[in-house]
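Enquirer: Fold the following for me, if possible:
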Amino acid sequence: SPENTVTFREFVRLLLACERRTRCDHVWLLVAQRSRLADMGAAGPIARLGATVGEGLRGFAEHFNLQSTASTVSVVTTGPYTRLVYAVSGYDMSATHHAQIGGVTIAFNILQDLCGRTWRPTVVTLATRAPPSLRPFHQHFGAPLRFDSNESALVFASHWLDRPLPPVDPLVRQQVEAVVRAKRAAILADFPATVRRLLRKQ
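Expert: Sure, this is the predicted structure:
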């Protein structure tokens, strides 16, 4: 349930325990493979409201803080290529290795939800060390992988941003926007937390 939230620290602790118990070094990849746009709280439906993939993706990035307070998503276009960047922004995070892998894996699923299953990145960059076995990663992403990079991101051809999205029923649009307004009002009610979110995002 997108409403049944846990702290980032608790989530990391849980998945590290799963990794130890299963002795599987890519358990985070397996868990993240099951997360799609519909699991992204209020930010997921917002992405569907755009007229194009570009509009939807930028709307998702803008509202991602409604879903996560410990990470950010940004869309950066430079000429023929666009990067969907995932960054851990929570304070006092001693280990982000698994979060980087999980975040980029979910971002991959989100782009396929918007663009279709034929979408593939040009390259996947990860701001973390390479795992012992790369085979599960190559199978999932189907693209070159670059570990120990400056950022965790999916790089893809910018023309995908112009791909039209299916029209949205006006009533559904109103419902989604009402949910977003309510969530934003709840966040703004906690002024110190709002300031922290903005600073981390910057």
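Enquirer: Just confirm residue 150 contacts residue 127, I think it does.
Expert: Yes: counting by C-beta atoms under 8 Å, residue 150 does reach residue 127; the two are 6.5 Å apart. In this view, the C-beta of every residue, glycine as well, is placed from N, C-alpha and C.
Enquirer: more crowded one of the two?
Expert: In this view residue 150 and residue 127 are compared by other C-beta atoms under 10 Å, and residue 127 has more residues nearby, 21 against 8.
Enquirer: Quick check: which ranges of the chain have low pLDDT?
Expert: For the chain, applying pLDDT under 70 flags the ranges 1-3, 90-95, 197, 200-202.
Enquirer: those strands in it, which residues are they?
Expert: For the chain, applying DSSP state E gives strands covering 71-78, 81-88, 123-125, 145-146, 152-157.
Enquirer: what's the closest of these to residue 96?
Expert: Evaluated over these, closeness to residue 96 peaks at strand 81-88, with 4.4 Å, by C-beta to C-beta.
Enquirer: sorry, back to before: now render the strands of the chain as CSV, adding mean neighbour count.
Expert: CSV is the format used below for the strands of the chain (neighbours: other C-beta atoms under 10 Å):
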stretch, mean neighbour count
strand 71-78, 17
strand 81-88, 20
strand 123-125, 21
strand 145-146, 16
strand 152-157, 22
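Enquirer: Could you dump those into TSV and include distance to residue 32?
Expert: Shown next, in TSV, are those (distance: least, C-beta to C-beta, whole Å):
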stretch	distance to residue 32
strand 71-78	13
strand 81-88	11
strand 123-125	13
strand 145-146	15
strand 152-157	12
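Enquirer: Out of the ones you listed, which gets nearest to residue 194?
Expert: strand 71-78 (14.5 Å).
Enquirer: Quickly list what the closest residue to residue 58 other than its chain neighbours is bridged to.
Expert: Leaving aside its sequence neighbours, residue 58 sits nearest to residue 75 (C-beta to C-beta, 6 or more residues apart in numbering; 5.4 Å). As for beta bridges, residue 75 partners with residue 84 under DSSP bridges.
Enquirer: buried ones in stretch 133-152?
Expert: 137, 140-141, 143, 145, 147, 152 (16 or more other C-beta atoms under 10 Å).
Enquirer: would you turn the residues you listed into a markdown table with distance to residue 67?
Expert: Converted to a markdown table, the buried residues of stretch 133-152 look like this (distance: C-beta to C-beta, whole Å):
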| residue | distance to residue 67 |
| --- | --- |
| 137 | 24 |
| 140 | 22 |
| 141 | 22 |
| 143 | 25 |
| 145 | 26 |
| 147 | 26 |
| 152 | 17 |
